[in-house]
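In: kindly return the folded structure for what I paste below:
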Amino acid sequence: MRRLPVHLYSTDVISRAGVVSQLRPRPEVLLLDESEADQADVAVIVSDSIDEPALRTLRGLRSRSRSALVLVVTQTDDAGLVAAVEHGVAGIVRRSEASADRLVAVIQAAAAGEGAVPPDLLGRLLQQVGTLQREVLGPRGLTFAGLAEREVEVLRLVADGFDTAEIARKLSYSQRTIKNILHDVTNRLHLRNRCHAVAYALRNGLI
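Out: Next comes the predicted model:
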C-alpha cells in the first residue's frame with residue numbers, strides 16, 4: 001500500500017506535536033519534513049481558528065502547491081467556514097475530534113479529490129450557500145456558476161442545435177444580442193468557443 005505523503009503546517013509547537021503523534025505511527029501516511037513539503041499530496045494546517053494568518057497560509061499553499069488542503073481547527077464560525085472553502089480546503093476536522101482514525105480518513109478523502117466536513121458544519125455551510133444565492137446572486141439574476149439566467153437560456157438552445165437567428169427569434173432578442181451574450185460568456189469564463197461554453201454549462205449541471 002502506498003503511503004500518502006503529508007506535510008504539516010502549524011505555528012503552535014504543542015498543536016503540531018499532538019497531530020504528529022497521531023499520524024507518525026500510521027502506515028497510511030508518510031509525514032514529510034520542510035525540505036520535502038512540495039512533494040506532499042496533502043497539506044494539513046493546524047489552527048485555533050480560521051483567522052487571517054490561517055487564510056494567508058491557505059492562500060500561499062494554494063498558489064505554490066498542488067497539495068489537497070485539510071484544516072484541523074479548534075473553533076470556527078460561519079464566515080470562517082465559508083472562507084476556508086473559498087480558499088480551497090477539502091477537509092475540515094475539529095481539534096476535539098482529531099483522532100488518528102479521523103485524521104487519516106479525512107486525509108485520504110482529500111487526496112482522492114473528495115470533501116470531508118463534519119455533518120453539522122456541512123449543514124451550516126449549505127445554509128450560508130442558500131443565503132448567498134437568495135440574497136446576493138438571485139436578485140442579480142446570477143447563479144453560482146457565474147451565469148445569468150438569460151445566458152443559461154441561450155446556452156440551452158445552442159445545446160439543442162438552434163443557430164443564432166433561431167435563438168434570437170425564440171427569445172425575442174436581436175441576433176447581435178445573442179452573439180454578444182455568447183461572446184461575453186466565452187470571454188468571462190475563458191472558454192474557447194460556443195461548444196466549449198455548452199460543455200461548461202453541462203458539466204456544471206446548468207442545462
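In: make it CA atoms for all contacts and neighbour counts henceforth
Out: Noted.
In: the chain: helices as residue ranges?
Out: Taking DSSP state H as the test, the helices found in the chain are 13-23, 52-64, 78-86, 100-111, 119-132, 149-159, 164-171, 175-188, 194-203.
In: and the ones you listed as CSV, adding mean neighbour count, distance to residue 46 and mean pLDDT?
Out: Formatted as CSV, the helices of the chain follow (neighbours: other C-alpha atoms under 10 Å; distance: least, C-alpha to C-alpha, whole Å; pLDDT from 0 to 100):
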stretch, mean neighbour count, distance to residue 46, mean pLDDT
helix 13-23, 14, 7, 89
helix 52-64, 15, 8, 89
helix 78-86, 16, 13, 84
helix 100-111, 20, 12, 94
helix 119-132, 13, 17, 73
helix 149-159, 18, 41, 87
helix 164-171, 15, 52, 93
helix 175-188, 16, 36, 90
helix 194-203, 16, 34, 79
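In: right, and those - which one's nearest residue 71?
Out: helix 78-86 (8.3 Å; C-alpha to C-alpha).
In: excluding chain neighbours, what is closest to the residue nearest to the spatial centre of the chain?
Out: In the chain, the centroid-proximal residue (C-alpha atoms, centre = their mean) is residue 88; its distance is 4.6 Å. Sequence neighbours aside, residue 69 is the residue nearest to residue 88 in space, at 6.8 Å (criterion: C-alpha to C-alpha, 6 or more residues apart in numbering).
In: now swap in residue 193 and tell me
Out: Closest residue to residue 193 apart from its sequence neighbours, by C-alpha to C-alpha, 6+ apart: residue 186 at 6.2 Å.
In: correct me, but the one you found touches residue 197?
Out: Yes. Using C-alpha atoms under 8 Å, residue 186 is in contact with residue 197, at 6.2 Å.
In: shared neighbours, those two?
Out: Overlap of the contact sets of residue 186 and residue 197 (by C-alpha atoms under 8 Å, 6 or more residues apart in numbering) is empty.
In: for the chain, list the residue farthest from the centre, please.
Out: In terms of distance from the mean C-alpha position of the chain, residue 169 ranks first, at 38.4 Å (C-alpha atoms, centre = their mean).
In: distance check, that residue against residue 38.
Out: Residue 169 sits 54 Å away from residue 38, going by C-alpha to C-alpha, to the nearest Å.
In: with residue 92 instead?
Out: Per C-alpha to C-alpha, residue 92 is found 21 Å from residue 38.
In: between the two, who's got more neighbours?
Out: Legend: neighbour count by other C-alpha atoms under 10 Å for residue 92 and residue 38, higher for residue 92 (27 against 19).
In: give me the pLDDT for the more buried one.
Out: We have a pLDDT of 92 for residue 92.
In: what of residue 144?
Out: At residue 144, the predicted lDDT confidence score is 55.
In: residue 9: what's it in contact with?
Out: Applying C-alpha under 8 Å, 6+ apart to residue 9 gives the contacts 16, 43, 44, 45, 46.
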